[in-house]
Structures are given as structure tokens and as C-alpha cells.
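In: give me coordinates for this.
(one chain, ligands or ions: 1)
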Amino acid sequence: MMGDPAIDREAFKEFEREGFSRVAQGYDGAIAHVTSQANEGILDAVETGSGSRLLDVACGTGWLSAAALKRQAIVTGLDYAENMVVIGRSRFPQIEFHLGDAENLPFESNKFDAVVCNLGILHFPEPEKAIAESLRVLKSGGRYAFTCWTPPARNPFMALILGAVQTYGIIDVDLPPGPPLFRFGDPDECQKILSASGFTSVSVTELPITWTFSKSQDVMPTIIASSARLGPMLAMQTQEQSHDIENAIIQGAKKYATDNVIQIPASVVLAVGRKP
Ligand SMILES: C[S@@+](CC[C@H](N)C(=O)[O-])C[C@H]1O[C@@H](n2cnc3c(N)ncnc32)[C@H](O)[C@@H]1O
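Out: Reported below is the predicted structural model:
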């Protein structure tokens, strides 16, 4: 499956790039510790250790890069949203961060022992291109791993948010259309794309993730302040829709209250392949 012709790839890319740069601070404060729960699983899957040259594609503010640095890897991070890179550079000055596009990597071929991408692939208009680029910059024998959110049927957090919008608002608001959010939440799609791209020893597993909030009222404002697409989608509902969506999210989140915190389960698919 090559890029969907109904998607204006440049419009989508620009919308998301601008969105991620705008929410970089909020993302760093509210979401990065959630997505970071996959870090050790990803680094184990690509066998990151001392001296490995690792590229973190769509690195955000650099938490996965920092986890690799802790293992004494030689780490390069890349993201196309300027403010993500600015925060990464100021927090982790030992890491080399590049501003650049996952679909057109600014690195020579056969450079890295591992390439990782945590929750970036669902944001690329042409994931095949991004995967081909990752393969190109890997050394022979090097490993590639990406993650994607599992779909609402296996992901209570996504079911709560998207279910509330579907029931009380409009999911198809007027935003630049993008690729299907959960394409790579399907293990078969991951297996297919990695094999078709030339990877061998492909494996696909799932990792658990927990979203933690101090109170159910925090869920919707957190999403609005920190996500490039869900935030604008929620902000574009009418006042009444917005009120009903928020209420549904608050009531739904309360079901996950334990010991005075809200803990909502979710999960990601982890897909791994080896360059022959
Ligand atoms: C959901 S965030 C994940 C960030 C980080 N990997 C993490 O685990 O927290 C998605 C990231 O992908 C970046 N991104 C999206 N499309 C990209 C592209 N074409 N090239 C580089 N970065 C991209 C965004 O700027 C954003 O930082």
C-alpha cells in the first residue's frame, strides 16, 4: 500500500509539524512519561548496549534517546518539530539532535546499529518511505523497531477518548486528512510492511502502557494541551458537543480510579526487524 492519493501529504505533514512544535512543552510535561513506558522494551528489542550507534527517529523531546544514552549507546535523535528538538537539546546536551524528516533522513547509508521510532510511524504520510530510509541508514545486521498505538478495541484509553467524540461530537472535523491512525496497531500490517521493505527476522509483540491522572477532570485538558491532532479535533467541537464529550470522558475515566488516582490502560504494538 503506497501513500493514499486522497491525502495531501504536504498539507498533513505541515499541519502535524506545526502542531507538534506548538504543543512540545505540553507534550514533554504530560505525554512523554507515558510513551516512555515503551522505552526499555524497544531498546531490548534492538539490543542496545554500550557503544551501539542508535538513531531515534521522531524522537520528540528525547526521552527514548536519553534511555539509550543511559545504556552508553552513541545516540542521535531526529524530529521535524523545532520546539521538540529545542527542548531535547537543552535537557540532554550530550545527545546530538537533528531537525529533519523521517522520510528523507539526513544521514549516510549503513551508519547505525539500530534505528528506533516510538509512536512516530502513525504520523508519517508515507510510512513505506520512512521505513526504507531507516533500512538504508542501518548497517547490515542492524535492527529496526517501531511502535504504534493498538486500536480502541484493545486500548481502553483510546476507546474512552475516541468513543466520547464519536458519541457526542464529530470525528471528521475539517483538518487535513492523514493516514489511518491505527494501521500499524494491526500486527499483520507490521509484519507485512517490514517484510516487504526488506527486513528479516520480523517479530511483532505488544507492550502495556498506563495513562495516569490525578483526577478524571484532567484527562481532556491534558490531551488538548499536548497532542497535535486530538487536541485540535476536540477544540473544533461546538460548545455543547465539547461539554458532552468532556462529561463522558470524566465519567468514563472515573471507572479507572484506584487509590485516589486514575489509571487507564492502553498498549502499543512493537514491530522489530533486522537488516540482512
Ligand atoms: C507522538 S510523538 C512521539 C515522540 C517520541 N518518540 C515519544 O515517544 O514520546 C510523534 C513525534 O513524531 C514527530 N514527527 C512526526 N512526523 C515526523 C516526520 N515526518 N519526521 C520527523 N519527525 C516527525 C513529531 O514532531 C513528534 O515529535
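In: can you count the residues close to the spatially closest residue to Asp101 that is not a sequence neighbour?
Out: Counting by C-beta to C-beta, 6 or more residues apart in numbering, Asp101 lies nearest to Tyr80, which is 5.2 Å off, once chain neighbours are set aside. C-beta: built from backbone N, CA, C; applies to glycine. Using other C-beta atoms under 10 Å, the number of residues around Tyr80 comes to 22.
In: before we move on, what about Trp63?
Out: Burial of Trp63 is recorded as 22 neighbouring residues (other C-beta under 10 Å).
In: okay, it: pLDDT?
Out: Note on Trp63: pLDDT of 98.
In: same question for Met2.
Out: At Met2, the predicted lDDT confidence score is 46.
In: can you check Pro176 too?
Out: 87.
In: so it belongs to a strand, correct?
Out: No: per DSSP: H, G, I helix; E, B strand; the rest coil, Pro176 lies outside any strand segment and is coil.
In: residues contacting it?
Out: By C-beta atoms under 8 Å, 6 or more residues apart in numbering, the residues touching Pro176 are Ile7, Asp8, Ala11, Phe12, Glu14, Phe15.
In: near Gln239, how many other residues are there?
Out: For Gln239, using other C-beta under 10 Å, the count is 7.
In: nope, Gln191 is what I meant
Out: The number of residues packed near Gln191 is 16, by other C-beta under 10 Å.
In: for the residue of the stretch 51-200 of the chain found nearest the ligand, which non-adjacent residue is spatially closest?
Out: Here the stretch 51-200 of the chain gets closest to the ligand at one residue, Gly60, 2.7 Å apart by C-beta to the nearest ligand atom. Spatial nearest neighbour of Gly60, chain neighbours left out: Met84 (5.1 Å); criterion: C-beta to C-beta, 6+ apart.
In: next helix or strand past the lowest-mean-pLDDT helix or strand in the chain?
Out: Least confident helix or strand, the chain: helix 230-235 with a mean of 84, by mean pLDDT, DSSP states H and E. Going down the chain from helix 230-235, the next helix or strand is helix 239-254, by DSSP states H and E.
In: give the helix, strand or coil label for the residue nearest to Pro177 when sequence neighbours are not counted.
Out: Spatially, and ignoring its direct neighbours in sequence, Pro177 is nearest to Ile7 (5.5 Å; C-beta to C-beta, 6+ apart). Counting by three-state DSSP, the backbone at Ile7 sits in coil.
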